[in-house]
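Undergrad: fold the stuff below for me.
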Amino acid sequence: MVGLVIISHSSNVSKGVKELAKEMAKEVPIAEAGGTEDDRIGTDINKILKAIDEVYSEDGVLILFDLGSAFMNAEMALEMLDEDKKNNVEIIDAALVEGAITAAVESSMDKSRAEIKEALKSLSLGKIS
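TA: Got it, this is the predicted structure:
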């Protein structure tokens, strides 16, 4: 089953998005990486790496994020992964709340990363250039 990582600058937002997605798909592995290590607004590469490890499987991981610097930190986290793992983890451009819920439901139906990405296309916000 494809795992999900939710990244937000706010730990409250990432926890809330995870809570909503889990309500729709309890069995899907979802981890959140919100805020900084010292509980400030921002994002943290180490929290992102920990979240990836928490939900990683051979089916892969999709990362959803809120703002541009979260995307940059997600990219840096991906660069730090082993090559085998890196090939199974992707950052997705989608509305955070709607994207997480859609991705969770699709993953709960044992859809592949490619199928989930296709389902998320209409939720793209152009956050990745």
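Undergrad: how many neighbours does the closest residue to residue 96 other than its chain neighbours have?
TA: Of all residues not flanking residue 96 in the chain, residue 66 sits nearest, at 5.1 Å (CB to CB, 6 or more residues apart in numbering). Glycine gets a C-beta too; all of them are placed from N, C-alpha and C. Residue 66 has 21 neighbours, counted by other CB atoms under 10 Å.
Undergrad: and if you look at residue 14?
TA: 28.
Undergrad: got the contact list for it?
TA: 6-8, 32-35 (CB atoms under 8 Å, 6 or more residues apart in numbering).
Undergrad: mind doing that once more with 10 Å?
TA: 5-8, 31-35, 43, 47, 51, 64-66, 70, 96, 100 (CB atoms under 10 Å, 6 or more residues apart in numbering).
Undergrad: tell me which element it is part of?
TA: helix 11-24 (DSSP states H and E).
Undergrad: helix, strand, or coil at the most far-flung residue of the chain relative to its centre?
TA: What lies farthest from the middle of the chain is residue 38; by CA atoms, centre = their mean that is 20.9 Å. Under DSSP: H, G, I helix; E, B strand; the rest coil, residue 38 falls in the coil class.
Undergrad: report the buried residues of the lowest-mean-pLDDT helix or strand in the chain.
TA: Using mean pLDDT, DSSP states H and E, the weakest-scoring helix or strand in the chain turns out to be helix 83-86, at a mean of 92. Neighbour-count burial for helix 83-86 flags residue 85 (criterion: 16 or more other CB atoms under 10 Å).
Undergrad: what of stretch 107-126?
TA: Residues 107-108, 111, 113, 116-117, 119-120, 123 are the ones in stretch 107-126 that count as buried (16+ other CB under 10 Å).
Undergrad: same question, stretch 42-54
TA: By 16+ other CB under 10 Å, the buried positions in stretch 42-54 come out as 42-45, 47-49, 51-52.
Undergrad: what mean pLDDT does that stretch have?
TA: The average of the pLDDT scores along stretch 42-54 is 97.
Undergrad: take the buried residues of stretch 42-54 and keep only those in helices.
TA: The helices, defined by DSSP state H, take in 45, 47-49, 51-52 from these.
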